[in-house]
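Colleague: Need a 3D model of the following:
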Amino acid sequence: KINMALVKGPFTLKWGSNTLTNVGEMSMNYDIESSDFKTVDGRTFKIEGAHSASVEVKLLESDVAAIRTILPQYYVAKNAKLSTGQTVNNDAGAIDIVAAKCDTATTNYDLDIISCNGQVTRLVNARTALSTNEFEDNVLRTVTVTFTAEPRAGQAALQFFGDGHLTPA
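Modeller: Next comes the predicted model:
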């Protein structure tokens, strides 16, 4: 008999060394590309190809500090200029959501979704992108961010393991 356990919340989300707090919702997307090949005698073979994984999270905290942590590509520090020419004069900085340029750096970390019973779902080498910005019921601004796995060649996009059950590479 195999002893199986439910992987239950509440969940803790960590992207690199950053713990994400006040996450309202999350959803995962996983896709495997495949091609069908037919033989002359009427059989079909399905050959799997690339795997892709992403997680969308809705952040209830959407101030500059929260967005800076999760979308660093849009952060503008004090004394730097926004794309519209204004200079940021506050220590908190600002967020300037502008289209990526050739020299825009991406930040990639593993996204770990840790269950209350110590099971980890990992999106490997995930980068972030803004998905939506909403004003829910005219009461709260929320920001939805998509984490997309960008594993290196030969690496998995998605992993499951127990918290603390891996030795660092």
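
Colleague: phi, psi of Val64?
Modeller: Here is the backbone geometry of Val64 (degrees, to the nearest 10): phi -60, psi -40.

Colleague: Is it in contact with Gly93, as I believe?
Modeller: Yes. Val64 is within contact range of Gly93, at 6.0 Å (criterion: CB atoms under 8 Å). Every C-beta, even on glycine, is put in place using the N, C-alpha and C of the backbone.

Colleague: what helix or strand is the residue most central in space within the chain on?
Modeller: The residue lying closest to the centre of the chain (CA atoms, centre = their mean) is Phe147, at 1.9 Å. In this assignment (DSSP states H and E), Phe147 forms part of strand 140-149.

Colleague: Quick check: can you name the pairing partners of that strand and their directions?
Modeller: strand 44-59 (antiparallel), strand 119-136 (antiparallel) (DSSP bridges).

Colleague: Buried deepest among these, which one?
Modeller: strand 119-136 (a mean of 17; mean count of other CB atoms under 10 Å).

Colleague: as a whole number, average confidence for it?
Modeller: What strand 119-136 shows for mean pLDDT is 95.

Colleague: now do stretch 53-66
Modeller: Here the average pLDDT along stretch 53-66 is 94.

Colleague: and what of stretch 74-91?
Modeller: 95.

Colleague: What helix or strand is the residue at the greatest distance from the centre of the chain located in?
Modeller: If you look at how far each residue of the chain sits from its centre, by CA atoms, centre = their mean, the farthest one is Asp41, at 44.8 Å. For Asp41, there is no host helix or strand (DSSP H and E).

Colleague: mind listing what it touches?
Modeller: Asp41 makes no contacts at all, as judged by CB atoms under 8 Å, 6 or more residues apart in numbering.

Colleague: Quick check: the gap between it and Asp63.
Modeller: Between Asp41 and Asp63 the computed distance is 64 Å (CB to CB, to the nearest Å).

Colleague: so the residue nearest to the centre of the chain sits right up against Ala126, yeah?
Modeller: Yes. Counting by CB under 8 Å, Phe147 touches Ala126, with 4.1 Å between them.

Colleague: Find residues that contact each of those two.
Modeller: Trp15, Val55, Leu111.
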